[in-house]
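# Take this sequence and fold it.
(4 chains)
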Protein chains: 2
Amino acid sequence: MSSLPAASHSTILEVARDAGVSKTSVSRYLGGERHRLSPAMQARIAAAIQRLGYRPNQMARGLKGGRSKLIGMLVADIRNPFSVTVLHSVEQACRARGFSLLVCNTDNDPDQERNHLALLASYRVEGVVINAAGRPSAELKALAEQGTPIVLLDRSLSDVDADVVGLDNAGAIDMAMDHLLERGYRNVLYVSEPPEGASSRQRRLERFRQRLAQAPELTGETACLAMQRDSDALRQALHGFVSRESPAPRAILCANGNVTLQVAHALNALGVSLGETGLLGIDELDWCALAGPGITTLAQPTEAIGQAAVESLMQRLAPPGRQAPPRRTEYAARLIARGSTHR
Amino acid sequence: MSSLPAASHSTILEVARDAGVSKTSVSRYLGGERHRLSPAMQARIAAAIQRLGYRPNQMARGLKGGRSKLIGMLVADIRNPFSVTVLHSVEQACRARGFSLLVCNTDNDPDQERNHLALLASYRVEGVVINAAGRPSAELKALAEQGTPIVLLDRSLSDVDADVVGLDNAGAIDMAMDHLLERGYRNVLYVSEPPEGASSRQRRLERFRQRLAQAPELTGETACLAMQRDSDALRQALHGFVSRESPAPRAILCANGNVTLQVAHALNALGVSLGETGLLGIDELDWCALAGPGITTLAQPTEAIGQAAVESLMQRLAPPGRQAPPRRTEYAARLIARGSTHR
DNA sequence: TTGTAAGCGTTATCAG
DNA sequence: CTGATAACGCTTACAA
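So this is what the prediction gives:
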């Protein structure tokens, strides 16, 4: 039994020679056109492939027809559980359709975002899923103009044609406020990261203010702060809110999972008791049941979002004809009530 | 101002024509050989590239020299925070060296693992970082035999040449046990997922048993269970442990972050008070300070692990000569003491 | 049913 | 310094 050196990768030509057929036939065999080959030839090709351990070179494959079979995904922060869950579902959806996912983490850095976009373009990705900062860079526009389908997660961008998939932000805020009101809270602090370019953050903030304006029985305020571990600014904002005289029961509404985490840390440090002071966060996290009496959350349908994103890409990939106008898909949040909103 | 159609991607040939030079010169310009071109030509090429918005096609690039500039990474569970943190650091390290990362999530499924490996091979990745199940598949061996550098995270594989980077598992268990002893716990339950093929799990379990055997003042037991949300088996095991008569103070040692999460859920459901019953988990999680009095953990140096993995790949990529034998790099854990081990 | 030949966009090897 | 020209591994008309 001779050990095969298998020094480098074998090519389609080698397979063809080994099987005593032409490259074309092997290519056909691989490209799902086996029905056009005689059984005998199929068998010989299969054997040769087996023998040589042949694997088609996707690079070469992509070169001719332009089918890289690659989808790119830009993630603003890969350590954010929401992003990861969506990423997970995007990857599965891609795989299910024979695509692979090239994942790029931007760490919320616009420079990296532009670089990554250029990179994805250079690998000729057939579509891009973007969950990142916001400013529509030249790179993004170039991609769009070249006809590469783009889908935006959670935040929309003016100025560039792309489908948008995400949460029904206004609906989520409504759901949160309804819950807090029902539980008897009457004074609400909305904590968010600075909205900046992120349309979803803007939308949530805006809706919160609308609700405040609409409900006379309610008072409230907002705090937009950069969230970092053990932020003094956050601690002070929270301290100010919880220590101020207020006859109305108080609650804090967190704009996303990261805010919830940092607020929970800060409240913990301040010795605030959850429930008496309400706490509700957008984004479900796997530890929310464990902190104090449990933290009430609004879960996003991450699975559906990821699938819809890929679905959206695929639709635009299929017909070379005229494209439908940009479309947005919004999903409703799901409330998970826990002790932090139980007075 | 005419709007450029920019229908498709422009090629090096188009740039060459636009600049009135040859393909070769453009290629040289791009390939870091500008010093061999006259300033005049450089300027014209730069202008043409700018004008056409040209981006080299990595696919075509990879075809000729075989340099795909791609590293593959197999992740067993992308929703595991430890994996994500390492992934993050691997990606940064790759980028810093001009490589991109093709990430594949296997969801702990050996089939997917093999498929993904074949996929990575087909994209001619120049190296692979693996953080996944274990059985050395034919695909993995093929990759190794073709000379693709492979580095294993956290678990080693007999039968295939690969560097291994991970935690000093025995040292971590020692650190944990020393801490528990120092805090006065004398009866320890070690909870782990079934070790199966995972060498690191085996190593930790084995060391726990050794420590038990070495310390006469200590009693203990182990529970190896599949961890799933709200597992009955886990709840029963924990219930048995905490409700049994025992004069010696009890503590639970969790083999990894997922175990810690599930154990924390189960203890919560059982109404066990943390601290009185000790709890210590391997892997630091960002909510550990928030659960009850805070959960004591052993943090893995995830950053260092990711960097070392890529470093390892790069070293084997460089010299085409004879390769050094497989090497293993182990890092020490760091103890973060919190209320859950304070009686 | 099978094969021949012409690219796909780059880089590398030669000559000028 | 600069430029033809031949690969690289594969797909795809176009023939036979």
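# Is there proximity between stretch A:145-162 and chain B?
Yes. Using CB under 8 Å from any CB of the partner chain, stretch A:145-162 reaches chain B at A:145-147. For every residue, glycine as well, the C-beta is placed using N, CA and C.
# sorry, that was for stretch A:315-329
No. Using CB under 8 Å from any CB, we find that stretch A:315-329 stays clear of chain B, coming within 12.2 Å at best.
# Counting neighbours, what do you get for residue A:160?
17 (other CB atoms under 10 Å in any protein chain shown).
# for it, helix, strand, or coil?
coil (DSSP: H, G, I helix; E, B strand; the rest coil).
# That one: what's it in contact with?
The neighbourhood of residue A:160, defined by CB atoms under 8 Å, 6 or more residues apart in numbering or on different chains, consists of A:136, A:140-141, A:144, A:150.
# In strands, which of the residues of stretch A:145-162 next to chain B appear?
Under the assignment DSSP state E, the residues of stretch A:145-162 next to chain B contribute nothing to strands.
# From those residues, pick the one nearest residue A:75.
Closest to residue A:75 out of those is residue A:146 (22.0 Å), distances taken as CB to CB.
# Tell me, how many residues neighbour that closest one?
17.
# just residue A:111 next, same as before
Neighbours of residue A:111 (other CB under 10 Å): 10.
# For chain A, which segments count as helices?
For chain A, applying DSSP state H gives helices covering A:12-19, A:23-30, A:39-52, A:58-65, A:81-96, A:110-122, A:138-145, A:169-182, A:199-214, A:232-243, A:257-270, A:302-317.
# could you dump the last one to CSV, C-alpha only?
Extracted C-alpha coordinates of helix A:302-317, given in CSV (Å, rounded to 0.1, in the frame of the first residue of the first chain):
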residue,chain,number,x,y,z
THR,A,302,-32.7,36.9,15.4
GLU,A,303,-33.3,33.7,13.5
ALA,A,304,-35.9,35.2,11.3
ILE,A,305,-33.8,38.3,10.7
GLY,A,306,-30.8,36.3,9.5
GLN,A,307,-32.9,34.2,7.2
ALA,A,308,-34.8,37.1,5.8
ALA,A,309,-31.5,38.8,5.0
VAL,A,310,-30.2,35.9,3.0
GLU,A,311,-33.5,35.4,1.4
SER,A,312,-33.5,39.0,0.3
LEU,A,313,-30.0,38.6,-1.2
MET,A,314,-31.0,35.5,-3.1
GLN,A,315,-34.0,37.1,-4.7
ARG,A,316,-31.9,39.8,-6.1
LEU,A,317,-29.3,37.4,-7.2
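# now the angle from that helix to helix A:81-96?
50 degrees (axes from the mean of the first three to the mean of the last three CA atoms, to 10 degrees).
# contacts for helix A:302-317?
With contacts defined as CB under 8 Å, 6+ apart, helix A:302-317 is touched by A:71, A:82, A:85-94, A:97, A:126-129, A:149, A:151, A:153-154, A:163, A:165-167, A:323-324, A:327, A:329, A:331.
# just the third one next, same as before
Residues outside helix A:39-52 that contact it (CB under 8 Å, 6+ apart): A:10, A:14-16, A:18-21, A:25-26, A:29, A:34, A:37, A:54.
# Give me the neighbour count for residue A:37.
Neighbours of residue A:37 (other CB under 10 Å): 17.
# list the contacts for it?
A:25, A:28-29, A:45.
# Name the nearest of those relative to chain B.
Nearest to chain B among the contacts of residue A:37 is residue A:29, at 15.8 Å by CB to the nearest CB.
# show me the contacts for the closest one.
Applying CB under 8 Å, 6+ apart, the residues near residue A:29 are A:37, A:41-42, A:45-46.
# Would you mind writing the PyMOL command to select the buried ones in these?
The buried residues among the contacts of residue A:29 can be selected in PyMOL (16 or more other CB atoms under 10 Å in any protein chain shown) with this line:
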select buried, chain A and resi 37+41+42+45
